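> I need the structure of the sequence given here:
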Amino acid sequence: MRPAQSAISALLVLLCTQKCCLGWLSGDWLGENHSFRTRHRQEFNWKHRIPRFSITESNALDPTAIAHIVRDTYNFTLPPVQLRRSLAYLGGAARLRRVVQKLAQGSQPRIKVAVIGGSISYGEFAHEKGRTDWFSIFVTWLISAFPRANITARNGCTPGVPTPYMIMCLELSVDRDVDLVFMEYTLNDAHSLQSPHEEAKLMDNQIVKNAERLVRRVLALPQRPAVVFMHSTPCGMANYPVGHPKNPNSMPYRSFPMTSEDIQGAISQYYDVQYLSMRTAMYRLAVHKQELGFLWEDMFVDHHPGDHGHKIMADLAVNLIQQVALGLMLEPYGHEDEDVVWEELPDPMYEGNSAPNSVMCSVAESFQQLVILSEGFEYINEGTAIKPKPGYVATQPGSRLQLRVDTDRSAVGSPPDAMVHVYLHHLRSYEHMGTATITCVSGCSCQGVEVDALILDRVSQVYLAGLTVTQSSDCIIEVKVLERTNSGEHKFKVSGVVVAEAAGKQDGLPGLNAAHNQEFGLRQHLDEQNGITKVTLTSEQSHAGQQSPGAQ
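As a prediction, this is how the structure comes out:
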């Protein structure tokens, strides 16, 4: 570089220290001829491959069939302009293109669809859960629009529980061979409006980091499923400003940008994960135009949508599939898509933000594999095959149950001296129950806890007993039934364990320490009263004339 150029560069750096952002490309390795370095590369030019719509095009979708799917199978509620706005990120969509290609062209393909999230997607405040919630509306349409496909859909949502729990317990909500997964956590992950700065941080944003790890867990599943963000509105957005006549109680209010979904959009772009926005779909109608039928109160009960809101959310999902189908007519699914589907995941967007690669949430058979000693405890299913209530049950004092868990979190960058949270699922009930201690007996250490499993409410509920444990790949935890009892009997039942994803950073997870008989919690995974329930809808049910999904 000539002296004059060096002087000019130094002056620019000095000036921009005050006025500009630093961080542009720099260094001798770039060379001096930036015009040549940044020239247009014509060798990468390409044109759309427009198929001749005929049977001889092996990968092209039948335009008549696609026109029927788009035109004749669904009645939208959201106006067309807002429907287009709701599709915040489509991207290359290679994984989703593969799913729709199989649905539309395969010979009785088996497709599994799932949703994970909180109370909104679980169907809270839908008039008829399993029929009028958005996911059920979407799946019912999917089955009718693609009658040749064998579709199984599973609602794996856990109300009131944030993303970190699903990172640990994904296996309880999603089948390993799933093809398409919707994620809805914007509401549950939102911070209190007393500390919105944490939610809005551009760098080191914990909401985004958690979402990235969950996305990576799902994307890495064997079938390389497509993932779609269904971003709902956080608390306070489907509301009116303080001082507005429709907010007489001065409830907290969020304006358009006060949500983490925009920052999470980086995940969509980095991993090519599709992104649907309820906020962007509705804001113009509810706030700017104040259009009757699309006001916040027309769609939301509180911060949960009612049936009208659920129908609009279903509109977003249906429109996404239809747009992908139309795109496949223009550009048939090809080897470029297939290569993208099966390529390795990139390094984490946040350095070191890798997803866990071991099971952290164990119930039923997976819990049995952790048990190394069972003296006086017997593995029993106290329910039925349809509504199982499995677990290790003891009825005599002195009974011992030992399980081996891996609390080593060095692989995710946790300091070796940081403690790890471990939670044991145990039954509490109003009769027969005894007291037990839970301690660390080998390979690790912790402050033991004593649990009295007798409660006053006339219900049987699963609770979580928490331990804070040192890190070890061979940590032995023991449950021992005591002589002391407040019921006159000694029954104690243990049905699972959760080991936190990382050490030190967490003080425990919201919802995990709550009593199971709270309105929301982990009942969908741990329900002793009703058994472990999977809400599903299948093509077989629909073809048999069962229009509503059932609980299995």
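
> and the residue lying closest to residue 367 once chain neighbours are set aside, how many neighbours does it have?
Distances taken as CB to CB, 6 or more residues apart in numbering place residue 496 nearest to residue 367, at 5.0 Å, with adjacent residues excluded. Just so you know, the C-beta spots here come from the backbone N, C-alpha and C atoms, and that holds for glycine as well. When counting by other CB atoms under 10 Å, one arrives at 25 neighbours for residue 496.

> is residue 496 in a helix, a strand, or coil?
Following DSSP: H, G, I helix; E, B strand; the rest coil, the label given to residue 496 is strand.

> and residue 276, by the same measure?
Applying three-state DSSP: residue 276 is strand.

> same check, this time on residue 83
At residue 83, secondary structure determined by three-state DSSP is helix.

> separation between it and residue 264?
From residue 83 over to residue 264 the distance is 21 Å, taken as CB to CB, to the nearest Å.

> who's more crowded, those two?
Neighbour tally, residue 83 and residue 264, criterion other CB under 10 Å: the higher count belongs to residue 264, 24 against 20.

> quick check: the more buried one touching residue 229?
Yes: judged on CB atoms under 8 Å, residue 264 makes contact with residue 229 at a distance of 6.8 Å.

> intersection of neighbour lists for the two?
Between them, residue 264 and residue 229 share these contacting residues under CB atoms under 8 Å, 6 or more residues apart in numbering: residue 275.

> what sits against the closest residue to residue 261 other than its chain neighbours?
Take residue 261 and drop its neighbours on the chain: the residue closest to it by CB to CB, 6+ apart is residue 231, 4.0 Å away. Contacts for residue 231 (CB under 8 Å, 6+ apart) come out as 88, 184, 186, 259, 261, 264, 275-279.

> could I get the residues you listed as a markdown table with distance to residue 300?
Converted to a markdown table, the contacts of residue 231 look like this (distance: CB to CB, whole Å):
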| residue | distance to residue 300 |
| --- | --- |
| 88 | 20 |
| 184 | 15 |
| 186 | 14 |
| 259 | 15 |
| 261 | 17 |
| 264 | 21 |
| 275 | 21 |
| 276 | 17 |
| 277 | 15 |
| 278 | 10 |
| 279 | 12 |
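
> select only the buried ones of those in PyMOL?
Only the buried entries of the contacts of residue 231 go into this PyMOL selection, using 16 or more other CB atoms under 10 Å:
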select buried, resi 88+184+186+259+261+264+275+276+277+278+279
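
> need the pLDDT of residue 231.
Residue 231 carries a pLDDT value of 95.

> which residues touch residue 275?
By CB under 8 Å, 6+ apart, residue 275 lies in contact with 87-89, 228-229, 231, 261, 264-265, 268.

> tell me which of the residues you listed has the lowest pLDDT.
For these, the pLDDT minimum is residue 261, 91.

> sort out which residues of the lengthiest helix in the chain are buried, please.
Ranked by residue count, the top helix of the chain under DSSP state H comes out as helix 307-330. Burial within helix 307-330, assessed by neighbour count using 16+ other CB under 10 Å, is assigned to 307, 309-329.

> please apply the same query to stretch 146-155.
By 16+ other CB under 10 Å, the buried positions in stretch 146-155 come out as 146, 149-155.

> run through who's touching that stretch.
69, 102-104, 106-115, 121-123, 133, 135-136, 139, 142-143, 173-175, 178, 534-540, 543, 549.

> just the ones of the residues you listed in strands?
110-115, 535-538 (DSSP state E).

> okay, the residues you listed in CSV with pLDDT, neighbour count and distance to residue 213 next?
Shown next, in CSV, are these (pLDDT from 0 to 100; neighbours: other CB atoms under 10 Å; distance: CB to CB, whole Å):
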residue, pLDDT, neighbour count, distance to residue 213
110, 93, 13, 28
111, 95, 22, 26
112, 97, 22, 22
113, 97, 26, 22
114, 97, 24, 18
115, 97, 29, 18
535, 58, 22, 25
536, 65, 20, 26
537, 72, 28, 29
538, 74, 20, 30
